[in-house]
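> the amino acid sequence is not available; the structure is as follows:
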């Protein structure tokens, strides 16, 4: 075999490995300063892999870490105050040098930064934390994405980024302070010519300087403490956010969530936004002022009593083609079903439910019955039902009495028949779409009412034909299947 052919084979193999490495790093890196994570592990396998890692700076360019305390950490690196640097220190006695080495290996590559210094701040070695932030700030001219989870104490450390954010496209700032502490100001990003995606948590947008005319994706979530401090107490929030939309006709994604503690003064004048495609809000006054003809994705999180009727009216007057609807932390009720009845173009339905009782089960059965009608959600392709416990503590989950599990009565033979009917539309030319993915995920021990000979076998037949169907629970002993008279039949971990 010629040398050139061998070299060519190695070159192609290296290219393939570099692609695999990028995907591996993309989905697994949690801490850039952990030598047991990401490209550090890959570069220690062999000389060849090390050369690939060192010759691809993009493998090092996603820099994510924090200085959160960890009571279970094996670290013996303690601050003078008696705190630890958490997982970072346990793996390297000089995190600052390690960070500088990572930055060196990124060469001139654009950086994706994630900082979580707001978590466990009681255990943070303040001096070291500030040095790490300063090292990253020195490279802010290369920031492409920045996700900053900080407190007021860290804000001033970012002052040097002003007028250096020429590559910044995406910015997320989450501000975590004590309950009695006012949210600070972050005035350093007014000159970021490429910034188009802005996410704020606990930090009012009035406290941030950004080029608003360029923002196409905006999200702001305020907790009660942040939204009631200062002058905002007397501000009509719906009008404040409407001003943002009016000033930016190119906005494509808009999500706001805030407590209803604002002064209301009259009904805002209605206007047509020509570009908005993704929308999430629960303030009926804000919703009532909008016409969104391009809307195709709607997310409703913890709706109040007036939210769903306002959204139904929004969809009616907008005459939009909604493709995706996600409802979180809300029970299924008549308002939900009525809203869904007018979304004939809907392709994805995601229902995220917290807690479960007999009333919830009855309403879900009603929704499943409506879904068996050909005219209801005729284009639905994805159905995702996620049920989580009211308390997410692992201890509480483990303490659940399995003899009295959650009852998922809606997962029955009628549910399977509805799925089968929609799946078989793929063979009918008159239907433009058919269901291709169904997921029921309950994070508590649960029983379903599938018959062994009909429901379970039918789901497995559909799966064999290509339908992506999953039924799971958090119960480590698997999902308990009951027959029609309530007697236990079998345990099934995953119906797919």
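On my side now, so go ahead. Predicted model, so just to flag it, every value in this text is computed and none were measured. Residues are numbered from 1 along each chain as shown.

> what's next to stretch 325-335, contact-wise?
297-303, 308-309, 312, 336, 339-340, 343, 346, 348-354, 359-360, 363-364, 366-367 (Cβ atoms under 8 Å, 6 or more residues apart in numbering). Bear in mind the C-beta positions are built from the backbone N, C-alpha and C, glycine included.

> now, which of the residues you listed lie within strands?
Counting by DSSP state E, the contacts of stretch 325-335 place 297, 298, 299, 300, 301, 348, 349, 350, 351, 352, 353, 354 in strands.

> can you put the residues you listed in JSON lines and add pLDDT?
As requested, those are exported to JSON lines (pLDDT from 0 to 100):
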{"residue": "297", "pLDDT": "97"}
{"residue": "298", "pLDDT": "97"}
{"residue": "299", "pLDDT": "97"}
{"residue": "300", "pLDDT": "95"}
{"residue": "301", "pLDDT": "92"}
{"residue": "348", "pLDDT": "97"}
{"residue": "349", "pLDDT": "97"}
{"residue": "350", "pLDDT": "97"}
{"residue": "351", "pLDDT": "97"}
{"residue": "352", "pLDDT": "95"}
{"residue": "353", "pLDDT": "92"}
{"residue": "354", "pLDDT": "90"}
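
> name the member of those with the most neighbours.
Scoring the ones in strands among the contacts of stretch 325-335 on neighbours with other Cβ atoms under 10 Å, the highest-scoring entry is residue 298 at 23 neighbours.

> so residue 444 lies in a helix, does it not?
No - under DSSP: H, G, I helix; E, B strand; the rest coil, residue 444 falls outside any helix and is assigned coil.

> residue 64 against residue 34, yeah?
No - applying Cβ atoms under 8 Å as the test, residue 64 and residue 34 come out as separate, 9.8 Å apart.

> what strand or helix carries residue 200?
Under the criterion of DSSP states H and E, residue 200 resides in strand 197-201.

> show me where the stretch 351-496 of the chain has helices.
Listed in chain order, the helices of the stretch 351-496 of the chain (DSSP state H, counting those that start in this stretch) span 358-371, 394-398, 413-423, 457-464.

> between those, which one is nearest to residue 378?
For residue 378, the closest of the helices of the stretch 351-496 of the chain is helix 413-423, at 9.0 Å, according to Cβ to Cβ.

> any weak-confidence spans in the stretch 51-200 of the chain?
Scanning the stretch 51-200 of the chain with the threshold set as pLDDT under 70 gives 66-93, 118-125.

> what about the helices in it?
Going by DSSP H, counting those that start in this stretch, the stretch 51-200 of the chain shows helices at 87-91, 95-105, 126-137, 152-155.

> spatially nearest residue to residue 41 (excluding sequence neighbours)?
Spatial nearest neighbour of residue 41, excluding adjacent residues (Cβ to Cβ, 6 or more residues apart in numbering): residue 35 at 7.8 Å.

> can you count the residues close to that neighbour?
When neighbours are counted by other Cβ under 10 Å, residue 35 registers 13.

> and it, how far from residue 102?
In this structure, residue 35 and residue 102 are 11 Å apart, going by Cβ to Cβ, to the nearest Å.

> quick one: contacts for residue 295?
Contacts for residue 295 (Cβ under 8 Å, 6+ apart) come out as 276, 277, 278, 279, 314, 315, 318, 320, 322.

> quick one: which of these is nearest residue 140?
Lowest distance from residue 140 to those (Cβ to Cβ) belongs to residue 278, with 28.4 Å.

> and the closest one, what is it in contact with?
Per Cβ under 8 Å, 6+ apart, neighbours of residue 278: 217, 252, 253, 254, 255, 295, 296, 297, 298, 299.

> pLDDT wise, what is the closest residue to the last one other than its chain neighbours at?
Leaving out its chain neighbours, the residue that sits closest to residue 299 by Cβ to Cβ, 6+ apart is residue 280, at 4.0 Å. According to the predicted model, the pLDDT of residue 280 comes to 97.

> try residue 320
Looking at residue 320, its pLDDT is 95.

> that one touches residue 291, doesn't it?
No - contact status for residue 320 versus residue 291: not in contact, 9.1 Å apart, counting by Cβ under 8 Å.

> can you pull the contacts of the closest residue to residue 111 other than its chain neighbours?
Spatial nearest neighbour of residue 111, chain neighbours left out: residue 142 (4.8 Å); criterion: Cβ to Cβ, 6+ apart. By Cβ under 8 Å, 6+ apart, the contact set of residue 142 is 106, 108, 109, 110, 111, 167.

> dump the residues you listed to CSV, plus neighbour count.
Output for these, formatted as CSV (neighbours: other Cβ atoms under 10 Å):
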residue, neighbour count
106, 18
108, 7
109, 17
110, 16
111, 22
167, 17
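
> output those as a markdown table; include the columns distance to residue 138.
Formatted as a markdown table, the contacts of residue 142 follow (distance: Cβ to Cβ, whole Å):
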| residue | distance to residue 138 |
| --- | --- |
| 106 | 13 |
| 108 | 14 |
| 109 | 15 |
| 110 | 15 |
| 111 | 11 |
| 167 | 15 |
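
> farthest pair within the residues you listed?
Farthest apart among the contacts of residue 142 by Cβ to Cβ are 106 and 167. That separation is 12.7 Å.

> next up, identify which helix or strand residue 15 is on.
Counting by DSSP H and E, the element that carries residue 15 is helix 3-28.

> after that helix comes which helix or strand?
helix 38-43.

> now for that following helix, which elements pack on it?
Under the contact criterion of 3 or more Cβ pairs under 8 Å, 6 or more residues apart in numbering; DSSP states H and E, helix 38-43 touches helix 3-28, helix 47-54.

> highest mean neighbour count across the helices of the stretch 51-200 of the chain, which stretch is it?
Counting by mean count of other Cβ atoms under 10 Å, helix 87-91 has the highest mean neighbour count of the helices of the stretch 51-200 of the chain, with a mean of 22.

> which ones are touching residue 286?
Neighbour list for residue 286: 237, 238, 241, 242, 256, 268 [criterion: Cβ under 8 Å, 6+ apart].

> between these, which is nearest residue 374?
Each of the contacts of residue 286 was checked against residue 374 using Cβ to Cβ; the closest is residue 256, at 36.8 Å.

> the closest one and residue 199, how far apart?
Going from residue 256 to residue 199 by Cβ to Cβ gives 11 Å.

> just to revisit the earlier point, winner for burial among the helices of the stretch 351-496 of the chain?
Among the helices of the stretch 351-496 of the chain, judged by mean count of other Cβ under 10 Å, the one packed with the most neighbours on average is helix 413-423 (a mean of 19).

> what's around residue 386, how many residues?
Applying other Cβ under 10 Å, we find 16 residues neighbouring residue 386.

> please renumber the chain so that the first residue is 24 from this point on.
Yep, numbering from 24; the last one is residue 409 now.

> was I right about it contacting residue 464?
Yes - under the criterion of Cβ under 8 Å, residue 409 makes contact with residue 464 at 5.1 Å.

> quick one: contacts for residue 135?
The contact partners of residue 135, by Cβ under 8 Å, 6+ apart, come to 84, 85, 86, 87, 167, 168, 169.

> the third one and residue 136 touch, don't they?
Yes - in this structure, residue 86 sits in contact with residue 136. The criterion is Cβ under 8 Å, and the distance is 5.5 Å.
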